[in-house]
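Participant: Sequence and predicted structure, then a few things I'm wondering about:
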Amino acid sequence: MLALMAPSVVFVCLVFVLPIALFLFRAVDNSDVPRALPKLALVIGTWNDGELPPEPVYRALVADLTVLRGSPELAILARRLNYALPGFRGTLTRTGRMLPASDVPSAKDALIAVDAKWADPEIWAVLRQQSGPVTDFFLLTALDRKRDVAGDIVPVAGDQAIFIDLYGRTLWVSLGVTLFCVILGFPIAAAMARATPATANWMLLGVLVPFWTSLLVRTTAWVILLQNEGLVNRALIWLGVLDTPLQLVFNRTGVYIAMVHVLLPYMILPLYSVMKGIQQSHLRAASSLGASPLRVFFTIYLPLSMPGVVAGATLVFVSAVGFYVTPALVGGPRDQMIGYFISYFTNSAVNWGLASALGAFLLLLVAITYLILGKLVGFDRLKVR
Amino acid sequence: MQGAPKTLLQHVAGTASRIYTIAMFVFLIAPVLVVLPLSFTAGQMLVFPLPGWSTQWYAEFFTNPLWTDALRNSVVIGVLTTLLATALGTAAAVGLHGAKSRWSGAVIALLVTPLAVPVVIVAVATFYLFASLQLVGTFLGLVLAHTVLALPFVVVTVSATLQGYDPNLTRAAASLGAAPWHAFRTVTLPIIAPGVISGALFAFVTSFDELVVAIFLSSPQLRTLPRQIFSGVSENISPAITAAAVVLLFVSVLLMAAMEALRRRSERMRRATENAT
C-alpha cells in the first residue's frame, strides 16, 4: 500500500514542496555577497564602531574586487548591494574599473581617491550588515523597515514605504469581497435550500456554470461589460440613470465587481449544503411557540447556518488574498494586490529576495486564516462541493 | 381580518425575495453568456448592438497559427497532465484506502496542500526551480506543474468513490490466485471507474483552464490558450478573444457537467449500496 502512495508523495515533494522551500529560502539567502567578497567577509567582523574601518578591511575589499573585475558576478553583487543602498552600484562599478594595485601603500586612501563614498561610514555599515550568509534585509524591506548605520531597525523614508499599504489594501479588498459575498450569497443559498427539488436543481446549475467557467473568461467578460462603451454603461444611460459613462473598469469598482462574481459560488455552495441540512421542524417548532419570523431567523436559522457562512467566508477570503489575474486585468495601478507584486519582483524587477519575502508573508496570512477558521468549523467543511 | 396585513407583508416580502434571487442569477450567469453573441459579431469592436452576425472570428481562431498553436499546446499539455495525474492520484487513493495507518492523514494533507496555497506562489516557486533545470518554456515543465495542481482533485474524487468499495472483493480475487495488478485491473478498476473518469476530467479542465502557472512557465514559442487570451486582454482586446473564450468556456462547462453527472450517479449508487447492507 505504501508503494502505491510513494510515487505521488515523491512527486509532490519534488515538484511542489521543494520549489516552495527553495523559493522561500531566497527571502533570507545572502550567499551572493560572501561568495563574491570572501576575504572581506572574513575581516569585516573585526571592526565594529560605526567609524571608518581599518586598513586591512580596505585591503581585503581591493583583493576581492581584483578577483571579481570584469566578471558577471560583479554586476550581480552591484545590483544586490544597490537594493540596500541606492547608488552602491555606481560606486562599485567605478571602483571595479579604476581599481588600485594591490601593493599601494594605503588601500584606504587609494579607494577614497577613486570614489569619495568609501569615506562614508554608511556604505561600510551596509557592507558589514550584508556580508553574512543570511540576511534579514528582504524581510525588513517587505515590512517597510531597514537597519540604520548603528544596526537598529528603523522605518524607511515615506516615499519608499509601499508594502504596509499593500498588505492593508490586499486585506481590505479581500475583506470587502468576503463581506459582499456573505451578504449577497446568504439569501441565494437560503432560497435554494427552500426551493422544490426541481427548482433547486436549476438554481444549482445557475451557480455551477459560472463556477465551472474559467476565471479568465469571466474576467474578460467583465472587462467587456464594464468598459465605457460596454453594456452596463449603455444600459444605465438608456435607462436615464446616467448622462455620461461611469468609469467602472481599471479601478477599484471593477475589481470588486469581478472578484465578487468570481468568488460568489465559493460562498453559495458550502452555505447551501449546510442550509439543506437544517431541519424545517426546528423552525416550525419555534414559530408554533410564538417566536416572530425575525426571532426564528436570528435565534435558530442563522446560528444553524453559521458553519456554512464561516466555511464559505474562509474559502472566499483565502482565495481573494492570493488573487493575481483578476486585479491585473480589471484593476488600475493602485488596485494591485500582493500577488501582483510577487509577480512584478519575479518577472520585471528580478529581485528574488523581495518576491520571496512577500510570498512568505502571503503564505503566513493564508496559513493563519486556515488554521483559525478551519479549527472553528472543522477542516472537512472547507471544501466547495 | 387580523391576518390580512401580515399576508400582504409576506406577499411583498416574497415578491421582493423572488426579484432579488432572479437579479442575482442574472448577475451570476449573464457575464458568462455575454461572450457568446459578441464572438459572432460582424464588426471589429466588442460593443452592442452588434452591427451584424458573422463567423469571421471563429475562422480567425481556427486558422491563425497564433491561436491554433495555443489550442494545440493546451490540448497536448492537458492530455499529458491528465494521464500523469490520474495514474499517480488513482494509485495514491487506492493505497490510502487499503492502508489505514497513522501516515494516511499526513499523506492526504500533503497531496491536498497545493489547493490551499495561492497559485501565484506555486507558479513563482516552480519558475524559480525550473529556470535552473531548463524546464521553462517546455511541455515537460508545464505538465509537471499542472500535475501538481490537478493531483488533489484526482485523489479526492477517487477516494470518494472508493468509500463505497468493499476491500473484501480484492481479497477474494487474491485468494483465487489473481496477482495484485490483475485483481486491480479486473475487479477494482471497473467498479471505481466513474470516480477515476471524473478525476481525469477534473485534471484535464484544471490544466486546460490554468493561467497563472502558464504565465510564468510558458514562452513566446510555447503559449497555452489561456496565456494567449490573457495577453490579448491586457494588450488589445479583439473579438477573436471572445471566440477563443467561447471555446475555453465550452470545453470546461461540457467536461464539468459530465463530471457532475458521474458524481451524482456514483452518489446514487453509494446510497443504494448503503441501503442494501
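Facilitator: Good, I have the coordinates.
Participant: In chain A, which residue sits nearest chain B?
Facilitator: Per CB to the nearest CB, A:Gly322 is where chain A lies closest to chain B, at 2.6 Å. Every C-beta, even on glycine, is put in place using the N, C-alpha and C of the backbone.
Participant: tell me the contacts of that residue?
Facilitator: Going by CB atoms under 8 Å, 6 or more residues apart in numbering or on different chains, A:Gly322 touches A:338-339, A:362, A:366, B:117-121.
Participant: let's see 6 Å
Facilitator: By CB atoms under 6 Å, 6 or more residues apart in numbering or on different chains, the contact set of A:Gly322 is A:339, B:118.
Participant: confidence score at it?
Facilitator: Note on A:Gly322: pLDDT of 93.
Participant: Then A:Arg252?
Facilitator: So, for A:Arg252, pLDDT stands at 93.
Participant: which residue sits closest to it, ignoring its sequence neighbours?
Facilitator: Excluding its sequence neighbours, the residue lying closest to A:Arg252 (CB to CB, 6 or more residues apart in numbering or on different chains) is A:Asp335, at 5.2 Å.
Participant: Quick check: residues of the stretch 51-200 of chain A near chain B?
Facilitator: By the rule CB under 6 Å from any CB of the partner chain, the part of the stretch 51-200 of chain A lying against chain B is A:188, A:191.
Participant: Can you identify each of the helices in the stretch 51-200 of chain A by residue range?
Facilitator: With helices called from DSSP state H, counting those that start in this stretch, the stretch 51-200 of chain A shows them at A:55-68, A:72-84, A:88-97, A:107-114, A:121-129, A:137-141, A:163-194, A:197-212.
Participant: Make CSV out of the ones you listed and add mean neighbour count, distance to A:Ser348 and mean pLDDT.
Facilitator: Formatted as CSV, these follow (neighbours: other CB atoms under 10 Å in any protein chain shown; distance: least, CB to CB, whole Å; pLDDT from 0 to 100):
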stretch, mean neighbour count, distance to A:Ser348, mean pLDDT
helix A:55-68, 19, 27, 89
helix A:72-84, 17, 14, 88
helix A:88-97, 17, 18, 88
helix A:107-114, 18, 32, 88
helix A:121-129, 19, 25, 86
helix A:137-141, 21, 17, 93
helix A:163-194, 19, 16, 95
helix A:197-212, 17, 32, 92
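Participant: Quick check: the residue of chain B nearest chain A.
Facilitator: For chain B, CB to the nearest CB, closest residue to chain A: B:Pro118, 2.6 Å.
Participant: ok so, going back, dump the helices of the stretch 51-200 of chain A into TSV; add distance to B:Thr21 as well.
Facilitator: Below are those laid out as TSV (distance: least, CB to CB, whole Å):
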stretch	distance to B:Thr21
helix A:55-68	69
helix A:72-84	54
helix A:88-97	61
helix A:107-114	75
helix A:121-129	60
helix A:137-141	48
helix A:163-194	5
helix A:197-212	8
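Participant: Count the residues that sit near residue 237.
Facilitator: Went with chain A since none was named. Neighbourhood size, A:Ile237 [other CB atoms under 10 Å in any protein chain shown]: 14.
Participant: that's the wrong chain, I wanted chain B
Facilitator: 18.
Participant: Three-state assignment for it, please.
Facilitator: What DSSP: H, G, I helix; E, B strand; the rest coil gives for B:Ile237 is coil.
Participant: Look up how far A:Gln227 lies from it.
Facilitator: Per CB to CB, to the nearest Å, B:Ile237 is found 9 Å from A:Gln227.
Participant: For the two, list the residues in contact with both.
Facilitator: By CB under 6 Å, 6+ apart, B:Ile237 and A:Gln227 have no common neighbours.
Participant: ranges for the strands of the chain?
Facilitator: I'll assume chain A. Ranges of strands within chain A are A:145-147, A:153-155, based on DSSP state E.
Participant: Among those, show me which one is buried the most.
Facilitator: strand A:145-147 (a mean of 19; mean count of other CB atoms under 10 Å in any protein chain shown).
Participant: helices and strands around that one, which ones?
Facilitator: Contact partners of strand A:145-147 among helices and strands, from 3 or more CB pairs under 6 Å, 6 or more residues apart in numbering or on different chains; DSSP states H and E: none.
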